[in-house]
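Student: Test case, fold it:
(2 chains)
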Amino acid sequence: EAAVTQSPRNKVAVTGGKVTLSCNQTNNHNNMYWYRQDTGHGLRLIHYSYGAGSTEKGDIPDGYKASRPSQENFSLILELATPSQTSVYFCASGGARLGGRRYEQYFGPGTRLTVL
Amino acid sequence: GEQVEQLPSILRVQEGSSASINCSYEDSASNYFPWYKQEPGENPKLIIDIRSNMERKQIQELIVLLDKKAKRFSLHITDTQPGDSAMYFCAANTGGLSGKLTFGEGTQVTVIS
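Tutor: Prediction:
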């Protein structure tokens, strides 16, 4: 299974502050994704990336930015955090890689963000 | 965009019986349908998937069925055990290179001993 790590694992932020969530994958997957999961609900896609330098809007991008400086790293940025962004954030990697299968996504351990 | 409906939201079954979860999707271009299992405080883990060129796939106790005409797919857990208690999510891709997945809202499965 793909190795995806996230940092920090827990974060408490203040309203209006800037928050950066980081994700690293070591399996040379082309695609990376950021999701949020609210209690008792499914996963909703915020931003995704096809590769280094690429970021694309997902289904709920408002209030979030993303950055993909390298194949391995994908960050989610909340410029002005709000209490409504309190959630668990999951990063995933997957998609095409040389000789590999195309569609599977593997999730990191998650970051629990609380905005006060 | 793609919409995925998942039912039921809560499922309680007796140990040793079968559990069935049903999902439907809207986009006829979807061609990949994974299932994830999530335990409390953990990340979702891929347990089985099926592509549109198949109608049935089985891995041990897990069976996935796909009906492309009806745009429905389902997960069947046979001979359920307490370790099968978890949240289960279905998903469908939107096609193309993005590999984007749209998830259902989840089914909380509880296996009663």
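
Student: Residue numbers of chain A in contact with chain B?
Tutor: Contact residues, chain A versus chain B (CB under 8 Å from any CB of the partner chain): A:31, A:33, A:40-45, A:48, A:50, A:56, A:58-59, A:90, A:94-96, A:102-110. For glycine as for every other residue, the C-beta is placed from the backbone atoms N, C-alpha and C.

Student: Buried subset of these, written for PyMOL?
Tutor: Buried members of the residues of chain A next to chain B can be picked out in PyMOL with the line below, counting by 16 or more other CB atoms under 10 Å in any protein chain shown:
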select buried, chain A and resi 31+33+42+43+44+45+48+50+56+58+90+94+95+103+104+105+106+107+108+110
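
Student: just checking, residue A:41 touches residue B:106?
Tutor: Yes. Between residue A:41 and residue B:106 there is a contact at 6.9 Å, judged by CB atoms under 8 Å.

Student: so which strand or helix has the spatially most central residue of chain A?
Tutor: Residue closest to the average C-alpha location in chain A (CA atoms, centre = their mean): residue A:34, at 2.7 Å. Residue A:34 is part of strand A:31-37, with elements assigned from DSSP states H and E.

Student: same deal with residue A:23?
Tutor: Going by DSSP H and E, residue A:23 is in strand A:19-25.

Student: Could you list the low-pLDDT ranges of the chain?
Tutor: No chain was given, so I picked chain A. Filtered on pLDDT under 70, chain A yields the residue ranges A:1-2, A:96-102.

Student: my bad, chain B
Tutor: For chain B, the ranges with pLDDT under 70 are B:95-97.

Student: Could I get the contacting residues of residue A:114?
Tutor: Neighbouring residues of residue A:114 by CB atoms under 8 Å, 6 or more residues apart in numbering or on different chains: A:11-13, A:86.

Student: how about 10 Å then?
Tutor: A:10-13, A:81, A:83, A:85-87 (CB atoms under 10 Å, 6 or more residues apart in numbering or on different chains).

Student: Can you select the buried ones from the residues you listed in PyMOL?
Tutor: Restricted to buried positions by 16+ other CB under 10 Å, the PyMOL selection for these reads:
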select buried, chain A and resi 11+13+81+85+86+87
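
Student: Among the contacts of residue A:114, which pair sits farthest apart?
Tutor: Using CB to CB, the two most remote members of those are A:10 and A:83, lying 16.5 Å apart.
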